[in-house]
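Q: only geometry, no sequence info:
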């Protein structure tokens, strides 16, 4: 595997240094994901901006967690599942919801399950979803705006999930208690 540098504010390219400072302010540390992304200031800036924008969408905190975790689990991201588990706990997202998402299990809440299912369709079918799928999502109480909000979340998570696969990003200490493996890998 190609080794990627876990940059610090001292080793990062000059243009990445203020972005790493943003990470430090937001998280109280520089997450290893951001340290890897710092190799490309443009990538780190785009990721941070997409994160900020996704948090401003019409989706609630719980719904954002459903989108993020559904994508992370579907992409089998060893880093983002624990990281977003920790974030969900900090945001007081129901433990049952978080555990179901980590295990790719159906959610008890019908509306959240419709969100999870639609997000899976968008990811698995690369955005080529049928009118019937869109209408099912809309009839669950969501809007066309939220269809687009999900795509924004997918764009953000593709950036992080793919980087973590390529860089084998080490899970940060605060997230290790939530380490995760895909169910298929865990069964082998």
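A: Thanks, I have the structure now. All values reported here derive from a predicted model rather than from experimental measurement.

Q: chain center to stretch 11-26, what's the gap?
A: 20 Å (C-alpha atoms, centre = their mean, to the nearest Å).

Q: quick one: mean pLDDT for it?
A: Stretch 11-26 comes out with an average pLDDT of 97.

Q: flag every buried residue along it.
A: By 16 or more other C-beta atoms under 10 Å, the buried positions in stretch 11-26 come out as 12, 16-17, 19-20, 22-23. Glycine gets a C-beta too; all of them are placed from N, C-alpha and C.

Q: what of stretch 134-151?
A: Per 16+ other C-beta under 10 Å, stretch 134-151 contains these buried residues: 134, 136-137, 142, 146-147, 149-150.

Q: and the residues you listed, which is closest to residue 102?
A: residue 150 (19.3 Å; C-beta to C-beta).

Q: quick one: residues contacting that closest one.
A: For residue 150, the contact set (C-beta atoms under 8 Å, 6 or more residues apart in numbering) comprises 59, 67, 115, 118-119, 122.

Q: can you pick the most crowded of those residues?
A: residue 67 (28 neighbours; other C-beta atoms under 10 Å).

Q: how about residues contacting the helix or strand hosting that residue?
A: When elements are assigned from DSSP states H and E, residue 67 belongs to helix 61-74. If you take C-beta under 8 Å, 6+ apart as the criterion, helix 61-74 is touched by 54-55, 57, 59, 80-81, 84-85, 87-88, 91, 93-94, 97-98, 101-102, 104, 107, 112, 115-116, 119-120, 123-124, 146, 149-150, 153-154, 157-158, 161, 182.

Q: quick check: what element follows it along the chain?
A: Beyond helix 61-74 toward the C-terminal end (DSSP H and E), the next one is helix 80-90.

Q: name the helices or strands packed onto that next one?
A: Contacting helix 80-90 under the criterion 3 or more C-beta pairs under 8 Å, 6 or more residues apart in numbering; DSSP states H and E are the following elements: helix 61-74, helix 95-102, helix 144-167.

Q: what mean pLDDT does stretch 91-104 get?
A: On average, stretch 91-104 scores 97.

Q: first-to-last residue distance for that stretch?
A: 20 Å (C-alpha to C-alpha, to the nearest Å).

Q: list the buried ones in stretch 157-166?
A: 157, 159-161, 163-164.

Q: quick check, nearest of the residues you listed to residue 40?
A: For the buried residues of stretch 157-166, the nearest to residue 40 is residue 163 (9.5 Å; C-beta to C-beta).

Q: ok, back up a step: from the buried residues of stretch 11-26, which land in helices?
A: Within the buried residues of stretch 11-26, residues falling in helices by DSSP state H are 17, 19-20, 22-23.

Q: if we take the residues you listed, which one ends up nearest to residue 37?
A: Closest to residue 37, out of all of these and judged by C-beta to C-beta, is residue 19, at 8.4 Å.
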